[in-house]
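**Q** sequence and predicted structure are below.
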Amino acid sequence: MGTDERKPKPSFKVPPAGEKETRLAATDEILQVMYWLRGEKIAQEVAPDDLAKWLGIEKRRIGPLLTQLLGARLVDRVVVDSGIEEGVPRFRLTRAGIEEGRRRFTDEFADFTKPRHFEHSDPACDCADVARFSVSLKKSLFRQLDEMIEDKGYENRSLAISDMIRSQLVDHWQEVGELSAVGTIMLAYDPHDAQTSAALAELQEQHLAAIISSLRVQVEQGSWIEILVVRGLAPELKALSDRLIGTKGVKHGKLSLTVTPDDLAG
């Protein structure tokens, strides 16, 4: 029997008012997940229980939705004939299902897949070495990420994730390497405490090469904030910060470091 290679159209039954859009969204989600699982080489064939791990759909609804996709020729049924899953129906995408899954997956993640400013022939562009990768998140975490991105005013997810990666890299480099860094040391203390002021002044004088600027602000009577701008190797700056913050009379202190712009890619 010949195979019709033409892309079939879904032939869903028309459900009661208000349910059609819900069912279409659910079948879209199933196709996207099956396409992603196939592309990531996680699974070529899936059972309803397998899909339940990845979908935000009630487990009892997945079987009927797969039957609808079967009728639309977007999936094929495969029955296991041996082993512990003998007789359990599994499903795999047809050629048309793969195309539909790809189209819907691309639409869903358009922010990641649409052409960006670096996809052109401008020889002056310095972003030819941009790499793309996919990330799998629980839907609840994905929603929280988008909410944070909106709250912080990022233009897109890529910019937000790049900043988060840089932040983690800075923290990592501070712990494992002789990283050149710049940053601030914030100290809160009473400037009228002569012993504290003298101890801090002596420590700062010993490290003039690392302290490139300072600022003092009186926040209330008997309480000052001193901010030191520092530059040097991260371990040395951390050691200096620990000594300053540990000085008797310092009520609170904090070190904030970052690497030099040349070391932060992108």
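**A** Received it, and whenever you're ready, just let me know what you need. Numbers count the residues shown, from 1 in each chain.

**Q** when you work out contacts or count neighbours from here on, use the C-alpha atoms and nothing else.
**A** Will do.

**Q** where does the prediction get shaky in the stretch 51-200 of the chain?
**A** Within the stretch 51-200 of the chain, the ranges that satisfy pLDDT under 70 run 80-87, 108-130, 174-178.

**Q** switch the cut-off to 90
**A** Low-confidence segments of the stretch 51-200 of the chain (pLDDT under 90): 51-68, 70-72, 77-90, 97, 99-147, 149-182, 191-192.

**Q** which residue ranges of it form helices?
**A** Using DSSP state H, counting those that start in this stretch, the helices of the stretch 51-200 of the chain run over residues 59-71, 95-108, 110-113, 139-152, 157-176, 194-206.

**Q** center of the chain - which residue?
**A** The chain has residue 161 as the residue nearest its centroid, 4.9 Å off, counting by CA atoms, centre = their mean.

**Q** related to what we said a few turns ago, how about the helices of the stretch 51-200 of the chain in JSON lines, adding distance to residue 225?
**A** Below are these laid out as JSON lines (distance: least, CA to CA, whole Å):
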{"stretch": "helix 59-71", "distance to residue 225": "58"}
{"stretch": "helix 95-108", "distance to residue 225": "49"}
{"stretch": "helix 110-113", "distance to residue 225": "44"}
{"stretch": "helix 139-152", "distance to residue 225": "27"}
{"stretch": "helix 157-176", "distance to residue 225": "25"}
{"stretch": "helix 194-206", "distance to residue 225": "12"}
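
**Q** out of those helices, which gets nearest to residue 29?
**A** Taking CA to CA, helix 95-108 is the member of the helices of the stretch 51-200 of the chain nearest to residue 29, at 8.4 Å.

**Q** buried set for that closest one?
**A** 95, 96, 97, 98, 99, 100, 101, 102, 104, 105 (16 or more other CA atoms under 10 Å).

**Q** how far out from the middle of the chain is that helix?
**A** 24 Å (CA atoms, centre = their mean, to the nearest Å).

**Q** got the angle for it vs helix 59-71?
**A** Relative orientation of helix 95-108 versus helix 59-71 (axes from the mean of the first three to the mean of the last three CA atoms, to 10 degrees): 120 degrees.

**Q** dump helix 95-108 to CSV, restricted to CA.
**A** C-alpha atoms of helix 95-108 as CSV (Å, rounded to 0.1, in the frame of the first residue of the first chain):
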residue,chain,number,x,y,z
ARG,A,95,6.9,12.4,9.2
ALA,A,96,4.0,14.9,9.2
GLY,A,97,4.1,14.9,13.0
ILE,A,98,7.8,15.7,13.0
GLU,A,99,7.2,18.7,10.8
GLU,A,100,4.2,19.8,12.9
GLY,A,101,6.2,19.4,16.1
ARG,A,102,9.1,21.4,14.6
ARG,A,103,6.8,24.2,13.5
ARG,A,104,5.0,24.5,16.8
PHE,A,105,8.2,24.1,18.8
THR,A,106,9.8,26.9,16.7
ASP,A,107,6.7,29.1,17.2
GLU,A,108,6.7,28.5,21.0
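
**Q** thinking again about what came up before, could I get the buried residues of helix 95-108 in TSV, plus columns for distance to residue 70?
**A** Converted to TSV, the buried residues of helix 95-108 look like this (distance: CA to CA, whole Å):
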residue	distance to residue 70
95	13
96	11
97	10
98	13
99	15
100	13
101	14
102	17
104	17
105	19
